[in-house]
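Peer 1: have a look at this prediction, sequence included:
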Amino acid sequence: MKKGQGKFEQTLQGIYGVLNGLKVLQAIRESLIMIFPIIMIGAFALVLRSFPVDVYLSFIQEFAGGVIDKFLGYLFQATFGFLSLYMVISLSICYLNKLESGQESYFGSIFSSLLFFGFSSGLLGEEVNVLSCVGVNAIFTGIISALVATRLYVFLQRKCSFNIRFYTSGTGEIYHHMLKFLVPIAMIGILAAIINLVIEAVFGANSFQDIYTTALRSLFAITGRSFFSGLLYVIIVHFLWFFGIHGGNVMEEVHKTCFEPALDINVAILAQGGVPTEIFSKTFFDVFVLMGGCGSTLCLLLAIFLFEKRRNLRKLTKFSVVPSIFNINELLVFGIPIVFNPIMFIPFFLTPVVNLIISASAMKLGLVPLVTKGVEWTTPIFLGGYYATGSISGVILQAVNLLAGVMIYRPFVRILDRVDERNSMEKMKNLVDCLCESERSRVPVTLLALRGDAGTTAKFISDELENFFMKEKPLMYFQPQYDKDGRCIGAEALLRWKHPVYGMVYPPLVVKLLDEMGELTMAEKNIFKSVFLDMDVIKRNWGEDVKISINVTGVTIQSSEFEEFLNEMKEEYPQHIPNIMIEITEQASLQVNEALSERLSRIKKMGYEFAIDDFSMGSTSVKYLKSSVFDMIKLDGSLIKDILTDERSRGIVKTLVQMAEDFHLQILAEFVETEEQKQLLESMGCYLYQGYFYSPAVPLEDFCRH
């Protein structure tokens, strides 16, 4: 069973990889995410304008002459009324990025797409309702227009040369830049006009928009308001949504022409004292089939809360609760994601179909009254069921559908959990590899500025890391340090972070992200506090003379804030100050000047000792020997690794040992992994060691039992 289940999950992952690699689908998904703020503003304006409480509706419609109602109406029209235009602009930008055209500006593709959309939407026809041509009804036309126009624009720019040169003393860079757009935009406009003329001649339609809306009307006119037409409607809506296209908006025309009249028919029959006959109305789908939005994602939301343990997905669902209550589910659809995700394909389609069957059957059998009152699609669950049917049985039907949907989503949520965990581990590995490559090549990288999965993972980890340091005591490991006689003289305190998904995170990645977040000094202060809290236990086990080295980056040691903090620690833990060795890392970020020397001297007078980490023959390291504040140098681990096989490494180590002796400094070798390395170092005069030959870094409890 498990073997077959694994193959099924691998198949789903493979399909996901193929779909996710299609540039067209990537662009559509990203463009919808770009206009998500517009959708949210419009949806919440509609929620506030149509919340089904009579006292509230009377208030907003009557207060100050209905100014609140008008204001919310303006917000809705300014968002959903122009939604296709927003989509054209965002998709032209996203698709241009995916085509890797090397364009310096998006204006060419945006203007081309808008021009193509102007012809395709029927906006240029006579006696046109403008909002119907640029609103939700024309989303599909907007998508086609942006994809075709952007692709043509890139093709023309690549294949043809449009270097129009027209220089005068008054022209600027923007003027010459826009001249390059002139010819391809004009050619695309001419092509769009020709296509529209052909459509008029062949199909007798005003535009492409008219063709597909007429086709949809005809299809549903044939099927009528039947179970089959309802099933067909649900399938088409969710098929479009799965590929990142707002199915509800594309099918808005069908909603209006096929299913909206059903409610009027029921109301008219009821007014005449008859029994309503129409099951499949617009409100029927909004209230009983699409609870929480397309895919009945309110069921998914509840399934995640009940059966999902991953913190990141549960955090997403917490943000999605309020929008989902009002059937706004874009956060879930694009956050999980559901689009292009074959793991969610089956429950995303199956749940609304099952809801359709249960609801239609319940009403056909007379268990639940038919819908006789229209409610907005943003009406919350249970409230909508009661208002639509005028009966508590409508609420019970919604509860049954919700439970059925949760059980359908449940196994797929668990599969998603396992697959996402594997994908997350792979993304983390790629992020670590990126940092390691930067360390090897010495080419700086800003992880939070990376694009794609690496950047997303870095941002997610950063968010989790900040919460960790704000709420928890840092997890510290200790790597013991020994002298030549095998006596433990102390340890280096090392930060560790065990993530609930990724396990023990690569320590340099933690430091790097803290640095990029601007939280490194805060983190290093917390590390010091943690070590001070542990010092009583450490000294009871290893004596009063034990030394604990704590890493401090070059950026932190130069800050006045950190100097003040060290002074506070001296006042609070005076008995532990002689046991602390401040180990300065990342020396390249230090400004070796008089101000630094004075700061280190002040800290030295507080009672702290100093060590230089990764000491080598570099000019930065050698400069520190001039200062009298340092007590120890720690040899660069790369020298110790090669000391048995590389003559130059041995020569450098021998020279550094002699320099340390001349300056009366202790010298400690890290990365000591074998008896042979230890003996060779001892023969050179290095008598302090740290490395896997003695012990890896271990938790406090293990260090104290060492």
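Peer 2: Arrived safely.

Peer 1: if I pick R410, what's in contact with it?
Peer 2: A303, L306, F307 (C-beta atoms under 8 Å, 6 or more residues apart in numbering). Glycine gets a C-beta too; all of them are placed from N, C-alpha and C.

Peer 1: from L46, how far off is the first one?
Peer 2: Here A303 is placed at a distance of 27 Å from L46 (C-beta to C-beta, to the nearest Å).

Peer 1: of the two, who's got more company?
Peer 2: A303 (24 against 21; other C-beta atoms under 10 Å).

Peer 1: confidence score at the more buried one?
Peer 2: Note on A303: pLDDT of 91.

Peer 1: try the one 10 residues further on
Peer 2: Each residue has a pLDDT score; the one for L313 is 69.

Peer 1: just to revisit the earlier point, redo the contacts of R410 as a markdown table? Include secondary structure.
Peer 2: What follows is these, written out as a markdown table (DSSP: H, G, I helix; E, B strand; the rest coil):
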| residue | secondary structure |
| --- | --- |
| A303 | helix |
| L306 | helix |
| F307 | helix |
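
Peer 1: list just the nearest of those residues to L365.
Peer 2: A303 (27.7 Å; C-beta to C-beta).

Peer 1: name the nearest residue to the closest one, ignoring sequence neighbours.
Peer 2: Y409 (4.0 Å; C-beta to C-beta, 6 or more residues apart in numbering).

Peer 1: check E464 too.
Peer 2: Closest to E464 by C-beta to C-beta, 6+ apart is H499, at 6.7 Å.

Peer 1: next: I612.
Peer 2: Using C-beta to C-beta, 6+ apart, the nearest residue to I612 is I633, at 4.8 Å.

Peer 1: for the one you found, grab phi and psi.
Peer 2: With angles defined as degrees, to the nearest 10, I633 sits at phi -120, psi 140.

Peer 1: and it, how many neighbours?
Peer 2: 25.

Peer 1: what's opposite it in the beta bridge?
Peer 2: With DSSP bridges as the criterion, I633 is bridged to I612, I667.

Peer 1: check contacts around it.
Peer 2: Contacts of I633 by C-beta under 8 Å, 6+ apart are A611, I612, F615, S621, Y624, L656, A660, L665, Q666, I667, L668.

Peer 1: could those go into JSON lines alongside neighbour count?
Peer 2: Shown next, in JSON lines, are the contacts of I633 (neighbours: other C-beta atoms under 10 Å):
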{"residue": "A611", "neighbour count": "24"}
{"residue": "I612", "neighbour count": "22"}
{"residue": "F615", "neighbour count": "27"}
{"residue": "S621", "neighbour count": "17"}
{"residue": "Y624", "neighbour count": "22"}
{"residue": "L656", "neighbour count": "23"}
{"residue": "A660", "neighbour count": "21"}
{"residue": "L665", "neighbour count": "17"}
{"residue": "Q666", "neighbour count": "19"}
{"residue": "I667", "neighbour count": "24"}
{"residue": "L668", "neighbour count": "28"}
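
Peer 1: can you lay out these as a markdown table showing distance to A221 and pLDDT?
Peer 2: As requested, the contacts of I633 are exported to a markdown table (distance: C-beta to C-beta, whole Å; pLDDT from 0 to 100):
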| residue | distance to A221 | pLDDT |
| --- | --- | --- |
| A611 | 83 | 91 |
| I612 | 83 | 88 |
| F615 | 83 | 80 |
| S621 | 83 | 56 |
| Y624 | 85 | 66 |
| L656 | 88 | 89 |
| A660 | 92 | 88 |
| L665 | 91 | 90 |
| Q666 | 91 | 93 |
| I667 | 89 | 93 |
| L668 | 85 | 95 |
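
Peer 1: from the residues you listed, which is closest to R151?
Peer 2: S621 (56.4 Å).

Peer 1: my read is that the residue nearest to E464 contacts Y506, right?
Peer 2: No: contact criterion C-beta atoms under 8 Å: H499 and Y506 do not qualify, at 10.6 Å.

Peer 1: fine by me, we can end here.
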